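# make a model of this:
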Amino acid sequence: DVLDTMKTFVSLLGHDVRSASTGREGIRIAQEWSPEFALVDIGLPDVDGVTALGRLRADARTSSIRVVALTAYAMADDRERLLGAGFDGYLQKPINVRAFPELIEDMLRLERPEVIA
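Numbering: from 1, shown residues only. As a prediction, this is how the structure comes out:
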């Protein structure tokens with residue numbers, strides 16, 4: 001449901017959206033498509049989000065993609081830990097559907113955004 005909601009919002013903003021259900025699929029899509037940014041769930045079923053980020057950063061085709069951690073984890077140090085791991089932003093689930101479109105536009109505008117919702 002979260003994936004469908006996010007895809008709908010980003011599409012309504014006029015952006016092309018591709019989605020994946022697993023980390024490996026997401027990495028493959030990013031390598032083929034080279035998006036401006038990616039939302040990566042930390043709790044992916046096959047490859048965790050931090051590992052997926054490492055693979056994206058290690059590949060010349062995807063190293064410059066802005067990557068936002070999407071997480072249900074709400075521990076006090078998770079934001080700092082994930083930003084320290086190299087994510088460009090942090091978005092906590094459940095997403096705030098009213099603020100989400102603006103957060104996406106901010107992600108596309110800013111050089112190194114830190115997204116919190």
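
# so who does the nearest residue to Leu44 once chain neighbours are set aside touch?
Distances taken as C-beta to C-beta, 6 or more residues apart in numbering place Gly23 nearest to Leu44, at 4.0 Å, with adjacent residues excluded. In this view, the C-beta of every residue, glycine as well, is placed from N, C-alpha and C. By C-beta atoms under 8 Å, 6 or more residues apart in numbering, the contact set of Gly23 is Val40, Leu44, Pro45, Asp46, Val47, Asp48, Gly49, Thr51, Ala52.

# wait, isn't the second one in contact with Thr22?
Yes: under the criterion of C-beta atoms under 8 Å, Leu44 is in contact with Thr22, at a separation of 6.1 Å.

# ok, the two, which is more surrounded?
Neighbour tally, Leu44 and Thr22, criterion other C-beta atoms under 10 Å: the higher count belongs to Leu44, 20 against 14.
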